[in-house]
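Chemist: Structure, please.
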Amino acid sequence: MELTTLLIILIIFVIFFSISFMIHDIKYRVSYYMILALLFLASLNIYLSVIYYIQLRNTTGVQGQLGPKGPKGVQGSSGKCSFSEKCGITDARTKIINIANKMYNIDTKCLDEPTLANCNNDQDVLDQARPINTQVNMLEQIAYSTTMSEKDFISKLNVCMQDSNSCMDPTDF
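Modeler: You can find the predicted model right below:
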């Protein structure tokens, strides 16, 4: 117990003891001392509980014996990057643009960089390629950080390219 804590308890004790001199009836004074004793015990209990909790919360206990070995678990799905050195799909942008090219019949150059020059000076094709390019950019970011296998990613990619509203947010993928 620190010195400041001890001084605070001593000051509180002196204050309560001086209050007891104001009580003249002996029965009330005894009741007052009993209430103070219970209050002191309760506050000491709370104080010690908090102090020991703070001391023991980061202390590890005694190591117990190793339990029995359990059954072998289910084998995980293959192709997840959590066990490989490199995550993501390799050359994802090209794969995404090729799938978009097959679906929308728009030149890959126009899908990759939608400008009037790349879209053969056709404004309608350019207007169609811009939202697809935005979708391609979002899907590319997902592809480089995904833990999906390439096969799963491509199947999900086909769904997203057909209905872009189902994959408007990277968390939906």
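Chemist: Going by C-alpha atoms from here, please, whenever you check contacts or count neighbours.
Modeler: Noted.
Chemist: So if we follow the domain assignment, how does this protein break up?
Modeler: Per the record, the chain has its domains at 3-53, 81-172, by automatic domain parsing.
Chemist: where does this structure have low pLDDT?
Modeler: Across the chain, the ranges flagged by pLDDT under 70 are 1, 76-88, 161-173.
Chemist: what about the helices in it?
Modeler: Taking DSSP state H as the criterion, the chain carries its helices at 3-20, 26-56, 92-104, 108-112, 123-145, 150-162.
Chemist: Most tightly packed of those?
Modeler: Burial of the helices of the chain is given as mean neighbour count (mean count of other C-alpha atoms under 10 Å); helix 108-112 ranks first at a mean of 21.
Chemist: Can I get it in CSV, CA atoms only?
Modeler: Provided in CSV are the C-alpha atoms of helix 108-112 (Å, rounded to 0.1, in the frame of the first residue of the first chain):
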residue,chain,number,x,y,z
THR,A,108,-9.6,-4.2,-74.8
LYS,A,109,-7.7,-1.0,-75.4
CYS,A,110,-11.0,1.0,-75.0
LEU,A,111,-11.8,-0.9,-71.8
ASP,A,112,-8.4,-0.4,-70.3
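Chemist: just checking, what packs against that helix?
Modeler: Applying 3 or more C-alpha pairs under 8 Å, 6 or more residues apart in numbering; DSSP states H and E, we find helix 108-112 packed against helix 92-104, helix 123-145.
Chemist: residues making contact with it?
Modeler: The contact list for helix 108-112 (C-alpha atoms under 8 Å, 6 or more residues apart in numbering) reads Ile97, Asn98, Ala100, Asn101, Asn118, Cys119, Leu126, Ala129, Arg130, Ile132, Asn133.
Chemist: now, among the residues you listed, which is nearest to Val14?
Modeler: Lowest distance from Val14 to the contacts of helix 108-112 (C-alpha to C-alpha) belongs to Asn133, with 79.0 Å.
Chemist: thought the closest one was touching Thr115?
Modeler: No. If you go by C-alpha atoms under 8 Å, Asn133 and Thr115 don't touch, sitting 10.8 Å apart.
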